[in-house]
Structure formats: C-alpha cells, structure tokens
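Student: quick check, what structure comes out for this input:
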Amino acid sequence: MDAVDSRRRLLLKATGASVAGCCALQAAPAAAQEAQGMVKGDLLVAAKGDDTKPIKAEDIKAGAKPVLVWPYDLKEKKPRSDSRLNKLLLLRLDPADMSDELKARAPGGVVAYSSICTHQACDVTEYVASEKLLMCFCHFSKFNPGDGSVAKGPAAKSLPYVPLEEKDGFLVVAGGFSNKPGV
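Tutor: Numbers count the residues shown, from 1 in each chain. So this is what the prediction gives:
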C-alpha cells in the first residue's frame, strides 16, 4: 500500500466513511449527468436568454460565430440545461467541403458539437474564419469543424459531435454524443 492509499484510508476512517461509500459518492454525479442527457427527437433552443423558440437550419449563418444551444425536452417543455455537458455549439459549413459521412449528420451543412472544451472545460465559442477552425478562448485550443479533431492544443481530445436531422424545418437531435463530452 502506497502513501496515498494510507492517507486515504486514514481519512476515511477518521470521517467514518467507507471505501465503498466514497466510491459511490464519486460515481453519483457522473450517473446524474448522464441521466440529464439529450434524447433523440429533442429540438434545439438558444442557450442565451429565455427564448425557447426552436432553431431552424436557416437560422445558422455560414462563416458566423457558433450558436450555443440546449436540447429542448418536449415532454417537460423546458431546455435540458441542468448540466453544462448538454450544451451544444452549432456551426454551418459549406456542404461542398463536406464528406458524405458528415453531410449525413449535418442537415443543410449545420454541424453540432459539445461546446465544452476537452482541455479545461471552458466553452468553445469562436470560429476563426481565416483558418476555418473552432476555438476555445481560455487556452486557445482549436478544433476542426468537420470532425471535431484537435487542430492545435493544448486540448488532446476531439470535441464530441451530435448527429442532427431536420424535421418540419427545425433542427432535431438524431442521436447521442459520439463520445463523452467534457475533459
């Protein structure tokens, strides 16, 4: 047993906690965050203000700053904003520059990624048009908008994407994250 384990066991003993209880407490927040996730068929609404008007593909302008959105729970009639991990960024790409695979998950060229930077969990809010890259202002990580891959660190992990589809003109969540959002 190393020094860290010895201190951990001493602390647990002093507080009356058990190793099992400690681990259950650590696992609970992750399970709660996953339970708050988006659902296939959720509409998307602006993350700023109280506007719950669903977003249309035509609302997302090419070359503009990404639009931050929340999935909208149709049953509860409210945004799924209880967890930052649900926040998405939307960006319109030129369909001529997109692969067939990307087009299949990006109606009208609109892509959706987790807005949480994989480096230190800041919001990815910028699009550097001259480089055609998404950027996080906290530590200047840059991501390729075609696949979410890291173009320039310090982030080491790609931004997870969410497939979209269009129904009645509105953007709709078509599936879950490609991988776990966040750090």
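Student: and the strands in the protein?
Tutor: 43-46, 67-73, 78-79, 88-92, 110-114, 124-128, 133-136, 142-143, 150-152, 164-167, 170-173 (DSSP state E).
Student: check the offset of the last one from the chain's centre.
Tutor: How far strand 170-173 lies from its chain's middle: 15 Å, per C-alpha atoms, centre = their mean, to the nearest Å.
Student: what's the answer for the longest one, then?
Tutor: Centre-to-centre, strand 67-73 and its host chain are 10 Å apart (C-alpha atoms, centre = their mean).
Student: need the residues that contact it.
Tutor: With contacts defined as C-beta atoms under 8 Å, 6 or more residues apart in numbering, strand 67-73 is touched by 38-39, 42-48, 52, 54-55, 59-60, 78-81, 86-91, 112, 115, 123, 125, 173. C-betas here are computed from N, CA, C, even on glycine.
Student: what's near enough to touch the residue nearest in space to the middle of the chain?
Tutor: Residue closest to the average C-alpha location in the chain (C-alpha atoms, centre = their mean): S114, at 1.8 Å. With contact taken as C-beta under 8 Å, 6+ apart, S114 is in contact with L85, K87, L88, L89, V124, L159, P160, Y161, V162, F177, P181, G182.
Student: now the contacts of strand 67-73: which count as buried?
Tutor: 38, 42-47, 54-55, 59-60, 79-80, 86-91, 112, 115, 123, 125, 173 (16 or more other C-beta atoms under 10 Å).
Student: how near is Q120 to F140?
Tutor: 11 Å (C-beta to C-beta, to the nearest Å).
Student: how about K103?
Tutor: Between K103 and F140 the computed distance is 29 Å (C-beta to C-beta).
Student: all helices for this protein, in order.
Tutor: 3-15, 19-35, 100-104 (DSSP state H).
Student: worst mean pLDDT among these?
Tutor: Lowest mean pLDDT within those: helix 19-35, a mean of 35.
Student: closest one of the contacts of S114 to S130?
Tutor: V124 (17.3 Å; C-beta to C-beta).
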